[in-house]
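> I'll drop the sequence and a predicted model, then ask my questions.
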Amino acid sequence: MLTLPAPAKLNLILRILGRRPDGYHELQTLFQILDYGDSLDFSPRSDGIISVEAGALDIPEEDNLVYRAAQRLRQSIQWQAGSLPGVHIRLSKKLPHGGGIGGGSSDAATTLLGLNHLWQCNLPIETLAELGRGLGADIPVFVRGRTAWAEGVGEELTPLSIENRHYLVVAPDCQVSTAKIFSDSRLTRDSVAITLAALREGHPTEKPLGSDILETFSGNDCQALVESLYPEVRDAREWLQQFAPSHLTGTGSCVFTAFPSAQAARSALAKLPRKWQGFIAAGVQVSPVHRQLAKLTSSD
Ligand SMILES: C[C@](O)(CO)[C@H](O)COP(=O)(O)OP(=O)(O)OC[C@H]1O[C@@H](n2ccc(N)nc2=O)[C@H](O)[C@@H]1O
Ligand SMILES: Nc1ncnc2c1ncn2[C@@H]1O[C@H](COP(=O)(O)OP(=O)(O)OP(=O)(O)O)[C@@H](O)[C@H]1O
């Protein structure tokens, strides 16, 4: 059996520049990958069936992004007659869905990466990222597995390093539909594009971006709308604001604050009102799934 993590992400910056003819939005975002997330167990099946056990996640198997990613990967390969592989995937969810932390997307990316390894498909990362992009805009960053600046609909990625920080992520008791927020006429879609050079101004490329510069550019164009629709999200963010600047991630519902140490994040978490769930996580440059796959490959 192969067990792999599916980490969460935060959008440290999220700017919406406009809407494309296909309805998708042009955006600029800074993806921070975290060391915290779901976990997937892959067990080969000899009967050629793909099955997914998703615990408390109450959605039909064929709608689960894990199932859809496995099907899509298998369809992209010409298998020799009689050699169609099967797999049973057990998904252990820790990440709230509809939280803007990319849980479903990351599960799908880990499925593509894990089955590429298990089934020995040998597809390059670029191909896996393209397969993922067809399932969701957030999947390519998890397939590539680097904290990154993103443009386009989120698939044009430039890896970027960010200083070591620890995040307290608070999940209010509500789920936000990404489609609902992106289709709302009140969403602000006219942010001016910034350049990576502007983001980095005065910072040598090899130096990780620090909190000072990140706070200058931080902000999420979905935040005002999401908070007006879900007052609980505003309450949670305002509670976090007592420690340091706090922001919405993705289209919510989760909000976050960065801390310089795990201990500072932990002591804030200890004060979290019982009505909300929360977790702390370190920001990482390289996804834990890539670290684990690299270890497996080197021991093969
Ligand atoms: C908000 C973010 O989480 C930021 O990282 C992502 O852009 C959302 O990515 P995602 O959840 O993978 O999104 P998808 O599953 O591809 O699309 C969900 C819905 O959001 C809309 N959507 C998504 C991404 C994007 N750049 N523009 C959009 O308008 C799509 O029209 C769709 O109705
Ligand atoms: N494996 C999965 N885990 C969670 N949600 C899934 C999964 N597969 C499909 N979904 C569906 O996708 C929807 C969005 O879930 P997800 O956790 O990706 O939201 P999110 O955190 O807001 O993501 P994003 O930041 O990508 O917008 C859920 O409401 C659920 O119906």
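Thanks, I have it. Ligands and ions are numbered 1, 2, ... in the order given.
> So in this protein, where's the weakest helix or strand by average pLDDT?
helix 196-199 (a mean of 88; mean pLDDT, DSSP states H and E).
> Okay, buried residues for that one please.
Buried residues in helix 196-199, counted by 16 or more other Cβ atoms under 10 Å: L199. Placement of C-beta: from N, CA and C, glycine included.
> Can you show me the CA trace of it as CSV?
Below are the C-alpha coordinates for helix 196-199, written out as CSV (Å, rounded to 0.1, in the frame of the first residue of the first chain):
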residue,chain,number,x,y,z
LEU,A,196,6.7,39.8,-10.0
ALA,A,197,9.4,42.5,-10.3
ALA,A,198,7.2,44.9,-8.3
LEU,A,199,6.5,42.3,-5.7
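> what's downstream of that helix, the next helix or strand?
Sequence-wise, the next helix or strand downstream of helix 196-199 (DSSP states H and E) is helix 211-217.
> can you list contacts of the least confident helix or strand of the chain?
Residues from elsewhere that reach helix 196-199 (Cβ atoms under 8 Å, 6 or more residues apart in numbering): 149, 158, 160, 209, 213, 217.
> Looking at those residues, spot the one nearest ligand 2.
Nearest to ligand 2 among these: W149, at 16.8 Å, using Cβ to the nearest ligand atom.
> follow-up on the earlier one: is it possible to get the contacts of helix 196-199 out as CSV so that each row also shows neighbour count?
Output for those, formatted as CSV (neighbours: other Cβ atoms under 10 Å):
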residue, neighbour count
W149, 21
T158, 10
L160, 21
L209, 19
I213, 16
F217, 15
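> Closest to ligand 1 out of those residues?
Nearest to ligand 1 among those: W149, at 12.1 Å, using Cβ to the nearest ligand atom.
> so what secondary structure elements neighbour the helix or strand hosting the closest one?
Here W149 sits within strand 148-151, counting by DSSP H and E. If contacts are counted by 3 or more Cβ pairs under 8 Å, 6 or more residues apart in numbering; DSSP states H and E, strand 148-151 sits against strand 25-45, strand 156-159.
> How far off centre is that strand?
Here strand 148-151 is found 12 Å from its chain centre; the criterion is Cα atoms, centre = their mean, to the nearest Å.
> Make 50 the starting number, not 1.
Taking 50 as the first residue, the last one we looked at is strand 197-200.
> Adjacent strands (with direction) for that strand?
Sheet pairing for strand 197-200, assigned by DSSP bridges, gives strand 74-94 (antiparallel), strand 205-208 (antiparallel).
> quick one: contacts for K142?
Taking Cβ under 8 Å, 6+ apart, we find K142 in contact with 87, 103-106, 152.
> next one: C170
Shown in contact with C170 (Cβ under 8 Å, 6+ apart): 122, 126, 164.
> let's see 6 Å
I126 (Cβ atoms under 6 Å, 6 or more residues apart in numbering).
> which one of the strands paired with strand 197-200 lies closest to ligand 2?
Ligand 2 sits nearest to strand 74-94 of all these, at 7.4 Å, using Cβ to the nearest ligand atom.
> Check the strands paired with strand 197-200 for me and report the most buried one.
Each of the strands paired with strand 197-200 was assessed for mean neighbour count using mean count of other Cβ atoms under 10 Å. The highest is strand 74-94, with a mean of 21.
> For the stretch 200-349 of the chain, which segments count as helices?
For the stretch 200-349 of the chain, the helices defined by DSSP state H, counting those that start in this stretch cover 227-231, 245-248, 260-266, 272-278, 280-289, 311-318, 337-348.
> For the fourth one, list the C-alpha coordinates in CSV.
Okay, so that is helix 272-278. Provided in CSV are the C-alpha atoms of helix 272-278 (Å, rounded to 0.1, in the frame of the first residue of the first chain):
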residue,chain,number,x,y,z
GLN,A,272,-13.1,39.0,0.9
ALA,A,273,-15.6,41.9,1.0
LEU,A,274,-18.2,39.9,-0.9
VAL,A,275,-17.7,36.7,1.0
GLU,A,276,-17.9,38.5,4.4
SER,A,277,-21.1,40.3,3.4
LEU,A,278,-22.7,36.9,2.5
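> For that helix, give the mean pLDDT please.
The pLDDT scores in helix 272-278 average 98.
> so what secondary structure elements neighbour it?
In terms of contacts (3 or more Cβ pairs under 6 Å, 6 or more residues apart in numbering; DSSP states H and E), helix 272-278 is packed against helix 280-289.
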